[in-house]
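**Student:** Sequence plus the predicted model coming up.
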Amino acid sequence: MRAAAYICSACGGESPKWLGRCPVCQEWNSLSEEPRPRLSSSGTRGGSAAPTPTLPLASFLGDAPISRIATGIASLDRVLGGGLVSGMGVLIGGEPGIGKSTLLLQCAWALETNRKTVLYATGEESGAQIALRARRLGVASQKLLLLPGHSVERILQAVEEEPPDILIVDSIQTIASESVESAPGSLSQVRECAVRLLEMSKRKGTPLLLVGHVTKDGSLAGPKALEHLVDTVIYFEGDGNFTYRMLRTAKNRFGPAGELAVFEMAESGLIAVDNPSALFLAQRKDGAAGSVVFCSLEGSLPFLVEIQALVVGSSAGSARRWATGFDPIRSAMLLAVLEKRAGLSLSSEDVFINVAGGVRLAEPAADLAVACAVASSLLNRMARFDTVVLGELGLVGEVRAISRAADRAREAHRLGFSRCLLPKANLKDIPKDLPLEAKGVSTISEAVESLL
């Protein structure tokens, strides 16, 4: 019987025996038994490979600069860092039904218009199911080759027989290799198939787009090492209650990480949103206490969002704190700073914080906007409607400087806002010719007084 290994589902670490806790990442109950892949007579997995010669770094310095392949979708190109690169491996993760297959089918159609041949390997849907989606999206092409099936060997054979310009695999969890004795989707199968596909991609210079499922906690299913194998990791995010989706770069070896693109899901497919700020502020209500506008920065894309807060007297024994779209731990810290440094009594109040539109904010620059929204609701005083609030809040109540304040101020002015409340240290960053009143503040008390 072939020896088996116990592999961690969180980090991909191996153990010779089962343990309750992974010795690598210290995660509990994450080790599962997986058979080791077959080894060929040469000692390699899946067959022998030609040896790679050792070359000095100077021999590569004269190579031509990286050339990009435009996907035909401008927002997707920006997230990728300018387009696809020869031999590039891209992992696209997202919840079921979020629109990953729709986006890739539209991408394949756009690439075909650029005279690129695309091989679409699908293990989740049959050819008839793909055809139904293609008919709905208006996709009909002779250069879009479809390969239904679950065998990674068949995919590699098809690439060798008729090399495509782009290879799409949907999804990596449904593809299996004959050299691994486990079901598709297991840790060993996912890692083995990904390694073989990526090796082929690098060797032939074919860009590879892999679709990955997302687990309940929002991380990509399979070993964490899969994210380290590919060049770019993209997450497709969205809320089922809203029609728009967000494409976010978590890792990119050929461009900046953190880029964001916004799409709207329509009957005819995904439509890129060129002005996400107008989308997120479309239903903002004038004259309401507890509403503050913040300018978020995702990669090179600034956009405005509305932060709402509701403070009511607690009817239970202990006050409740609830945050949607914002870190609950950080929101609790901001409430403590408001009570200690601004003199606002919140210990007996229920506090609810919401980032309107389902947007998730992770940057500290939103601290001041969240705190001001809470103060506005508690005091029942409306914040100035024409003001955008920016700033990080420290534990002693100081308002700290943020990055790229000028870009945020320009976006606020473009959307018709005439005033910006920001850290005093960032006043020097605002261009003199920008017709926007910039008000610098140093403490949370000063910010609340100036805004309300």
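**Tutor:** Nice, thanks for sending it over.

**Student:** Every contact and neighbour count from this point should use C-alpha atoms.
**Tutor:** OK.

**Student:** which residues does Leu91 bridge with?
**Tutor:** Leu210, Val233 (DSSP bridges).

**Student:** is it true that it touches Leu229?
**Tutor:** No - taking contacts as C-alpha atoms under 8 Å, Leu91 lies outside contact range of Leu229: 9.5 Å.

**Student:** who has more neighbours, these two?
**Tutor:** Between Leu91 and Leu229, counting by other C-alpha atoms under 10 Å, Leu91 is the more crowded of the two (23 against 16).

**Student:** ok, the more buried one to Glu153 distance?
**Tutor:** Note on Leu91: its distance to Glu153, by C-alpha to C-alpha, to the nearest Å, is 20 Å.

**Student:** got it, and Thr102?
**Tutor:** The value you get for Thr102 to Glu153, if C-alpha to C-alpha is used, is 25 Å.

**Student:** Which strand runs longest in the protein?
**Tutor:** In terms of residue count, the longest strand belonging to the chain (DSSP state E) is strand 301-313.

**Student:** mind saving the C-alpha coords of the helix or strand just after it as PDB?
**Tutor:** Helices and strands here follow DSSP states H and E; after strand 301-313, the next one along the chain is strand 321-324. Extracted in PDB, the C-alpha atoms of strand 321-324 (Å, rounded to 0.1, in the frame of the first residue of the first chain):
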ATOM      1  CA  ARG A 321     -22.000  46.800  19.400                       C
ATOM      2  CA  TRP A 322     -22.500  45.700  15.800                       C
ATOM      3  CA  ALA A 323     -20.500  46.600  12.700                       C
ATOM      4  CA  THR A 324     -21.200  45.700   9.100                       C
END
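
**Student:** Not counting whichever helix or strand comes after strand 321-324 itself, show me its contacts.
**Tutor:** For strand 321-324, the following helix or strand on the C-terminal side (DSSP H and E) is helix 328-341. For helix 328-341, the surrounding residues in contact (C-alpha atoms under 8 Å, 6 or more residues apart in numbering) are 321-323, 344-347, 367, 370-371, 375, 393, 395-397, 444-445.

**Student:** Stretch 396-415 now?
**Tutor:** So stretch 396-415 is contacted by 277-278, 295-297, 302-304, 337-338, 341-342, 365, 368, 388, 390-394, 418, 420, 423-426, 429-431, 434-436, 441-445 (C-alpha under 8 Å, 6+ apart).

**Student:** Show only the entries of these found in strands.
**Tutor:** Counting by DSSP E, these contribute 295-297, 302-304, 388, 392-393, 420, 423, 441 to strands.

**Student:** tell me how far the longest strand of the chain is from the chain's mean position?
**Tutor:** 21 Å (C-alpha atoms, centre = their mean, to the nearest Å).

**Student:** what's the neighbour count on Gln142?
**Tutor:** 8.

**Student:** hang on, isn't Ala356 packed against Ser277?
**Tutor:** No - the criterion here is C-alpha under 8 Å, and Ala356 misses it with Ser277 at 11.7 Å.

**Student:** and Gly212, what does it touch?
**Tutor:** 91-94, 170-173, 220-221.

**Student:** sec struct for it, please.
**Tutor:** Following DSSP: H, G, I helix; E, B strand; the rest coil, Gly212 is assigned to strand.

**Student:** ok, the residue lying closest to it once chain neighbours are set aside - how many residues close by?
**Tutor:** Once flanking residues are discounted, Gly212 sits nearest to Gly93: 4.7 Å by C-alpha to C-alpha, 6 or more residues apart in numbering. If you count neighbours by other C-alpha under 10 Å, Gly93 ends up with 26.

**Student:** how about the helices in the protein?
**Tutor:** Taking DSSP state H, the helices of the chain run over residues 74-79, 100-113, 127-137, 152-161, 187-204, 225-229, 276-280, 328-341, 367-379, 405-414, 444-451.

**Student:** give me the beta-bridge partners of Met265?
**Tutor:** Bridge pairing for Met265 - DSSP bridges - gives Leu270.

**Student:** Does it touch Met246 like I think?
**Tutor:** No - using C-alpha under 8 Å, Met265 makes no contact with Met246, being 10.5 Å away.

**Student:** what sits in contact with each of those two?
**Tutor:** Contacts common to Met265 and Met246, judged by C-alpha under 8 Å, 6+ apart, are absent.

**Student:** pretty sure Ala272 contacts Phe263?
**Tutor:** Yes - contact status for Ala272 versus Phe263: in contact at 4.4 Å, counting by C-alpha under 8 Å.

**Student:** just checking, what packs against the helix or strand of the chain with the lowest mean pLDDT?
**Tutor:** The weakest-scoring helix or strand in the chain, judged by mean pLDDT, DSSP states H and E, is strand 31-35 (a mean of 75). Helices and strands touching strand 31-35, as assessed by 3 or more C-alpha pairs under 8 Å, 6 or more residues apart in numbering; DSSP states H and E, comprise strand 4-8, helix 187-204.

**Student:** Could you rerun that using 6 Å?
**Tutor:** When contacts are defined as 3 or more C-alpha pairs under 6 Å, 6 or more residues apart in numbering; DSSP states H and E, strand 31-35 sits against strand 4-8.

**Student:** Residues in contact with the strand it packs on: which ones?
**Tutor:** 13-16, 30-36 (C-alpha atoms under 6 Å, 6 or more residues apart in numbering).

**Student:** next one: that strand to chain centre, how far?
**Tutor:** Using C-alpha atoms, centre = their mean, the offset of strand 4-8 from its chain centre is 29 Å.

**Student:** again with stretch 246-266
**Tutor:** Counting by C-alpha atoms, centre = their mean, stretch 246-266 is centred 6 Å from the centre of its parent chain.

**Student:** Could you do stretch 14-28 as well?
**Tutor:** Taking mean C-alpha positions (C-alpha atoms, centre = their mean), stretch 14-28 and its chain are 28 Å apart.
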